[in-house]
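[1] Using only what follows, build the 3D model:
(one chain, ligands or ions: 1)
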Amino acid sequence: MVGNHQRNRQRHFWRPAGDGRRHAFRRSRWDGRTTEAVTVCGDEVTLSADTDETAWVVAPSCLDCNGLLLREKRGGGGHG
Ligand SMILES: [Zn+2]
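    Coordinates of the predicted model:
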């Protein structure tokens with residue numbers, strides 16, 4: 001058997017952005033230098049290199065990003 005239970009082709013990562021929320025970004029990981037990025041939900045936000053752990057804890061996840069990713073995960077090739 002092949003361990004291919006993870007069939008997600010689209011990589012993304014979560015990171016607290018300048019607006020105080022955690023957004024998802026369409027890359028496998030942050031390169032550590034990009035300061036401006038477009039979130040999955042379509043916002044242009046600022047990324048800070050020195051995001052401390054407190055920001056991770058207090059920042060609420062962006063519901064738009066979350067919803068979009070969930071739909072992609074579920075739907076796959078659905079139309080609509
Ligand atoms: Zn978002």
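
[2] What's the first helix or strand after the helix or strand where Trp56 lies?
    Secondary structure assignment for Trp56, by DSSP states H and E: helix 53-58. Scanning forward in sequence from helix 53-58 by DSSP H and E, the next helix or strand is helix 63-75.

[3] how distant is that following helix from the center of its chain?
    Distance, stretch centre to chain centre, for helix 63-75: 10 Å (CA atoms, centre = their mean, to the nearest Å).

[4] rewinding a little: can you tell me the average pLDDT over the helix holding Trp56?
    For helix 53-58, mean pLDDT is 84.

[5] Could you list the residues in contact with it?
    16, 22 (CB atoms under 8 Å, 6 or more residues apart in numbering). Heads up, the C-betas are built off the backbone N, CA and C, glycines and all.

[6] Please tell me how far that helix is from the chain's geometric centre.
    16 Å.

[7] and it, which residues are buried?
    For helix 53-58, a neighbour-count test (16 or more other CB atoms under 10 Å) marks nothing as buried.

[8] now stretch 56-65
    59, 62, 64-65.

[9] Filter those residues to keep only those in contact with the ion.
    By CB under 5 Å from the ion, the members of the buried residues of stretch 56-65 lying near the ion are 62, 64-65.
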